[in-house]
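Undergrad: Here is my input, please return the structure:
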Amino acid sequence: MSGGPPGLELVESVVGISKTFVATVVLQLAAEGNLSLDDTAELWLPGVVNGQHHDGARVNIRMLLNHTSGIFNYTDDQEALNRYETHPPESLVQIRESEAGDRAAFIELFASPEVRTYLGGPRPRDELERAVPEVPGRRPGLFVIDLDGAMIGTVSLDRRDAKRPGHVRPDAGEAELGYMFLPKAWECGYAAEACAAALDWFADTLPSEPAVLCTQTANDRSMRLAAKLGFAEVERFEEFGAEQWFGVWSSVTPSA
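TA: The predicted structure follows:
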C-alpha cells in the first residue's frame, strides 16, 4: 500500500451492502450529468466485461443497477447452491447389512488406534487382512452405518456376556448396544441417528426386551451419546482397569 490516493486505474471489488452505496453514487453522478444510465459498461470499463458470452457494449449501467444485464448470476447455478444446503444427519445416514465393499472399512475400524482407544486397543492390520472375511459382519443385530453409499461405522445389538458385571435381568443376556465410527465421521451427529435407528429396529423386533449400554466414564463422547439416546444410569463399576458406566434404555424399567 502506497498510502496515496487511489488512481483512476484502480479496480476495486465491492460486495454486499456496498451495492447500496455504489448505486447511490451512480445515481448522483447521473443526476449531475457526469454519466448516463444508458452508457455501456464498455464505455466506462473498456475490455473488462467480455468473455463467457458477455459483451460490455450490450450492457448498460441501468441493467447493472437493476440486475438485468445478463451477466451470469451464481444463484442460477444449482451445483453452486448445493454447496450451501444443510441436511440433518437423519437424512444422510442409514443402517444396512454389510457388503463385500465394506471390508476395507471394517479393517480400518479394528486397526485404528483412535477408534479402539476405549475398546481394548487396535488389532494388527496384517492379522485383520487374514481374518476378516470377504463379506464381514454378517450376523443378526449388526448393521453397517452408511453415508452416501460408503461405510463410516457399525452399530450392533449383541447379547451381553452373563459373566460380566452389569445386568438388569436376573437371567442376564440383555441386548447391548455397541458402535464404532471412523474418525472422519466423529462429531457430525451421525452416531445418535444411527444408534436411534438400531434401537427402533430392536424395539420393533423384540418390544419387551431391555437394551443396555456400557462405556468407560472417561469416554466423554459415549457418555453424551448415552444421555442423548435416553439411557438411564443403573450402576458404575471397575472393569478392565477403568471405571465403567452401565445404563439401560429409558423405555425399560431396571429390575430391583
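
Undergrad: Can you list the residue ranges for strands in the stretch 1-150 of the chain?
TA: For the stretch 1-150 of the chain, the strands identified by DSSP state E, counting those that start in this stretch occupy 50-51, 54-55, 93-96, 142-147, 150-159, in order along the chain.

Undergrad: among those, which is nearest residue 231?
TA: Among the strands of the stretch 1-150 of the chain, strand 150-159 comes nearest to residue 231, with 13.2 Å by C-beta to C-beta. For glycine as for every other residue, the C-beta is placed from the backbone atoms N, C-alpha and C.

Undergrad: residue at max distance from the center of the protein?
TA: Within the chain, the residue lying farthest from the chain centre (C-alpha atoms, centre = their mean) is residue 33, at 55.2 Å.

Undergrad: ok so, going back, show me the one of the strands of the stretch 1-150 of the chain that comes nearest residue 23.
TA: Closest to residue 23 of the strands of the stretch 1-150 of the chain, according to C-beta to C-beta: strand 54-55, at 20.4 Å.

Undergrad: and that closest one, how far from the chain's centre?
TA: 40 Å (C-alpha atoms, centre = their mean, to the nearest Å).

Undergrad: of all the strands of the stretch 1-150 of the chain, which has the lowest average per-residue confidence?
TA: Mean pLDDT across those is lowest at strand 50-51; the value there is a mean of 78.

Undergrad: What strands flank that one, and is each parallel or antiparallel?
TA: For strand 50-51, the pairing partners within the sheet under DSSP bridges are strand 54-55 (antiparallel).

Undergrad: who's in contact with the strand it pairs with?
TA: Applying C-beta atoms under 8 Å, 6 or more residues apart in numbering, the set of residues contacting strand 54-55 from outside is 42, 49, 70-72.
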